[in-house]
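Participant: Sequence and predicted structure are below.
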Amino acid sequence: MPATGLQNILKRPLIFVSGKGGTGKTAVSQAIARSLPGRVLWICFEDPTRPPGALTQVGPSLWQLNASAGPAFAEYAQIKIGVKFLAQVFLQNRVIQYLATAAPGIRELVLLGKVWFERRHYDHIVCDMPSTGYGIAMFRSTGNFATLFGSGPVHRDAEAMNATFADPSLTGHLIVSLPEEMPLQESLELRTFLLDLFPGNEPALICNRLMPALPGTEALSDLDQGSPLPRDARDFLRRRSLLERENIERSWTRQGFQYFPLPFVAPEPGREHEHLVERLSTLLLESSR
Amino acid sequence: MSRKALQLDELLQKRKVIITCGTGGVGKTTLSAAIALRAALLGRKTVVITVDPAKRLATSLGIAALGDHPTDLTAHVEAAAARLRAQGAPAPSRIAGSLSAIMPDTRRTFEELVKDLGFSDQGASRLVNNPIFRIFAREFSGTNEYMAVQRLYRLHRDGDFDCIILDTPPSRNTLDFLNAPRLLTRFYEEKVFHWLIVPSGKIAAAGMRKALGVLERLTGGNFMTYLMDFVASLFEVQESFTRNLHEVTALLEGRHTGFLLVASPAPEHVREVGHFTSEVERHHYRFDGLILNRTLGYLGEPEHLPPGPAWQEAAGILRGLQARERRAADELKRIPGAPQPLQLPELARDVHSVEDLLHVALALDRDSVLH
């Protein structure tokens, strides 16, 4: 049964962090990037709060990139066309500009293309993938374009990208989940999808935001009964903690899926995100020793 | 300066179409189902278009068998209400309206759209056999969103329901799904297709000839042929396609349609509210309000806890989240013209029965006429 450990995935040059929206992929992927040795690049996609295409150094050997389709498309066209003047004519053409924004899958393809090109400049690249549906569309775009462009340079690049993402010595896939029923289920669906696309490259599972196990709580039998609304804070904590363990047991452990647990980190006023990333990267570093 | 607080029941009684938007993980699917159920309780003939229902919720609602046509769930709701009353829980004795749900089939909606557009038999088969179309229909990340809007349009046009709730698929940018019709409109308005159906030898503009030549070289093989063929197909139905786009846009912009934003009570989500409201207004849509879902403030201070460090740690997490919620509320107040949100409680467990959904629907507005 599937048992790719997190540490095994973290040794690979290219790491994709996928999962449902709201599971904490951004903080987890940033924490991973901070905990890795060597030159590391953390990539997010189309983050509206950062300038498009911005590359920033955030540590002695850590960089962050907001990959954006516009700049990535221009860069890719420049590389492929070679002649600067011709690339300008191409990029400023309104039919091309229209196709670049409207043609299905182009954005996804150039964003992954950017990741693929950057891999030569770093020891590790960690990607904060968009939430499940859009993330899937991104991974599918390479296969689609390999088919659609029967030959030519884009076809060859798309095929090479696919081969890289499928190779367990080059690329690792991580799926971040929460200990709730739906995210746990969807994570397994995402795993199946990734394995279909990249056979033999087994993803590793992370369960994020686990509440502490609470001693002295009653048996589980009454948890599914009554209103889903808790009576008070104590009732909420009790039911949450028990249910999380039950959910993981039912959805993952009983099917033989192993996972790496990450605790719920209480938010710290004013620097919540930074504090969270620091805590998680410390935990990851400790577990790798 | 601050707008009136969201009056959910008032909206549910007057809007014909309510579109719920929000990023993933905010509980939008369950909330949309609960809102639809509440509209039914208020007497409206309601249908919820759900794109991505939770599996167990789906099963208990009978949604496993649901498809592209509305399934009436009113009898399930009435039976669940009777079970709740038998347990002594508050539940209405009758459902004044009705509740249906559909899970649109993207492919089918696409086929019906193609039929509606009035393609000739030959044109339709040319289109559906085009590799670009096939990938477009199956994979395009915006296709589901666009087809959900098309399904909404058809349901509205058929007139069988007086309240339609559209649960939009989660996306990074909550309004992504609205861009597809605009991109398609541009396709006709800017006469982009013109250049792609003219044989390249006849293009007089040197720049255009060069650019398309580069495109051909990069994409290789038959792509340009497929592209011209695809474009020619769309050209054939320009008139009806444009009409469809205008009608869909008119529905979204109309006075019977409103947009609700669902967010979680965290400062970083609240910051997106300003962006969302200005985008909605830029599109000439109606912003109906903000729902902060999964709030914990109502639980109050954790008290009478058993001893031990684990309980203390858990209580610390809860207090931290409650404090974050207060910061989010403060931040919201600082956004000019920000709406007063409707706050909904976080649940102790997942919703997986019609009874659970009734509990949530009744909790949507505790002061309302339904109590």
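Facilitator: Structure's in. What do you need?

Participant: Point out the residues in the stretch 251-371 of chain B that sit beside chain A.
Facilitator: For the stretch 251-371 of chain B, the contact set with chain A under Cβ under 8 Å from any Cβ of the partner chain comprises B:264, B:267-268, B:275, B:296, B:299-306, B:308, B:310-311, B:313-321, B:323-324, B:327, B:345-352, B:356, B:359-360, B:363. Every C-beta, even on glycine, is put in place using the N, C-alpha and C of the backbone.

Participant: Let's see which of those residues end up in strands.
Facilitator: residue B:345 (DSSP state E).

Participant: tell me the helices in the stretch 51-200 of chain A, going along the chain?
Facilitator: A:69-81, A:84-92, A:94-102, A:106-118, A:132-148, A:153-166, A:181-197 (DSSP state H, counting those that start in this stretch).

Participant: Can you tell me how far residue A:42 is from residue A:66?
Facilitator: In this view, residue A:42 and residue A:66 are 10 Å apart by Cβ to Cβ, to the nearest Å.

Participant: So those two - more neighbours on which side?
Facilitator: Ranked by neighbour count (other Cβ atoms under 10 Å in any protein chain shown), residue A:42 and residue A:66 place residue A:42 first, with 27 against 19.

Participant: got a list of what the more buried one touches?
Facilitator: If you count contacts by Cβ atoms under 8 Å, 6 or more residues apart in numbering or on different chains, residue A:42 has them with A:29-30, A:33, A:58, A:62-65, A:125-128.

Participant: closest point of the stretch 151-289 of chain A to chain B, which residue?
Facilitator: In the stretch 151-289 of chain A, no residue comes nearer to chain B than residue A:152, which is 2.2 Å away by Cβ to the nearest Cβ.

Participant: State the number of residues packed around the nearest residue in space to that residue that is not next to it in sequence.
Facilitator: Closest residue to residue A:152 apart from its sequence neighbours, by Cβ to Cβ, 6 or more residues apart in numbering or on different chains: residue B:220 at 2.2 Å. Residue B:220 is surrounded by 16 other residues when neighbours are defined as other Cβ under 10 Å.

Participant: any idea of the pLDDT on residue B:220?
Facilitator: On the pLDDT scale, residue B:220 is placed at 81.

Participant: what do you get for residue B:102?
Facilitator: In this prediction residue B:102 is given a pLDDT of 89.

Participant: cool, residue A:149 as well?
Facilitator: With respect to pLDDT, residue A:149 has a value of 84.

Participant: residues near it, how many?
Facilitator: By the criterion of other Cβ under 10 Å, residue A:149 has 23 neighbours.

Participant: swap in residue B:340?
Facilitator: If you count neighbours by other Cβ under 10 Å, residue B:340 ends up with 15.

Participant: State which helix of the chain is the longest.
Facilitator: You didn't say which chain, so I picked chain A. Selection of the longest helix in chain A by residue count, based on DSSP state H, yields helix A:233-251.

Participant: could you do chain B instead?
Facilitator: Using DSSP H, we find that the single longest helix of chain B is helix B:309-334.

Participant: helices or strands next to that one in the packing?
Facilitator: Other elements packing on helix B:309-334 under the criterion 3 or more Cβ pairs under 8 Å, 6 or more residues apart in numbering or on different chains; DSSP states H and E are helix A:233-251, helix B:267-282, strand B:287-295.
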